[in-house]
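Undergrad: Model the structure of this input:
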Amino acid sequence: MSLAPIFIGGCPRSGTTLLRAMLDSHPAIVCGPELRAFPALAGLSADMRRVMGATLEAHYQLPADGLDRIFADLMASFLEPLRRASGKPRVAEKTPANALHFAELARLFPEALFVQIIRDGRDVVASLLAMNWKDAKGAPLPVTRDAGAAARAWAGHVAGGRAAPPGRYHELRYERLVADPEGELRTLLAFLGEAWSDSVLDYAARDRAGEGANESSAARIARDVDTTAVGRWRRDLSAAQRRAVISEAGALLAELGYADHDA
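TA: Take a look at the predicted model:
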């Protein structure tokens, strides 16, 4: 790939689609609709290295670095056609669960940079509980029915993202992004080594017909940024749900500054 790729992640319902739309509007970065394949591939890469590494080297003449190249080349083969077609020099990939595999992706792509967007876990839980997501058998996903499960998912994504190499990892908050998009995006673009462009603020004006149909927040990126979803937990979570969130993730909420435990 032409320049160091960018991997974006964060718990679902944290603003990852909004961030994708903003970066995709930059003249030097293309960030298409989420693939959802990279978390699975990164997980398989780590599992094969751990479980099958010795067998692959002894019997298949495939050392660890050879296995790494296979997975890195496979992932790059998804991204490079998008980059070429866009005419832009750099590609980013946004799938929320990327955050769970930042450490492995960092191994496979030594030049890549990693961005996690974090939102107040209580707002994330409130948003997840409003989703109608189902598994392959049609059963509701636990994170859409149980506040504790949703809080654990949020905490897991935060921890996974923070496992990325520090010098290659940037963290931004949803609340700050919607309150001061220019300020937050200037900081992010500086981290990415890209020049400022006003186009990232005009993401809603782009024609995105048919884009991101598999993303739950696809309709959201047709509107300008606003702060209406900040603090929704206060009206949407019951007292019992608030207690469940605090039980599962209270320490992390406090660490991140979301400390008003109005449960």
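
Undergrad: what sits against residue 37?
TA: Going by C-beta atoms under 8 Å, 6 or more residues apart in numbering, residue 37 touches 75, 78, 95. Where you see a C-beta, it was placed from the backbone N, CA and C, and this is true even at glycine.

Undergrad: Secondary structure element holding the first one?
TA: Using DSSP states H and E, the secondary-structure element containing residue 75 is helix 64-86.

Undergrad: Show me what that helix is in contact with.
TA: 1-2, 5, 30, 32, 35, 37-38, 41-42, 44-45, 48-49, 53, 56-57, 62, 89-91, 93, 107-109.

Undergrad: Can you say which of these are buried?
TA: 1, 5, 30, 32, 35, 38, 41-42, 45, 48-49, 56, 62, 90-91, 93, 107-109 (16 or more other C-beta atoms under 10 Å).

Undergrad: buried residues in the helix or strand that residue 191 is a member of?
TA: Per DSSP H and E: residue 191 is located in helix 181-192. Using 16+ other C-beta under 10 Å as the test for burial, helix 181-192 gives 181, 184-185, 188-189, 191-192.

Undergrad: between those, which is nearest residue 254?
TA: residue 184 (22.5 Å; C-beta to C-beta).

Undergrad: Now that closest one: closest residue in space that isn't a chain neighbour?
TA: Excluding the flanking residues, the one nearest residue 184 by C-beta to C-beta, 6 or more residues apart in numbering is residue 177, at 4.6 Å.

Undergrad: residues in contact with the one helix or strand the one you found maps to?
TA: According to DSSP H and E, residue 177 maps onto helix 174-179. Contact partners of helix 174-179, identified using C-beta under 8 Å, 6+ apart, comprise 14-15, 18-19, 117-120, 123, 183-185, 225-227, 229-230.

Undergrad: Now do it, average pLDDT.
TA: Averaging pLDDT along helix 174-179 gives 97.

Undergrad: Please apply the same query to stretch 134-148.
TA: pLDDT averaged over stretch 134-148 gives 90.

Undergrad: Likewise for stretch 251-262?
TA: 86.

Undergrad: And stretch 94-114, by the same measure?
TA: For stretch 94-114, mean pLDDT rounds to 97.
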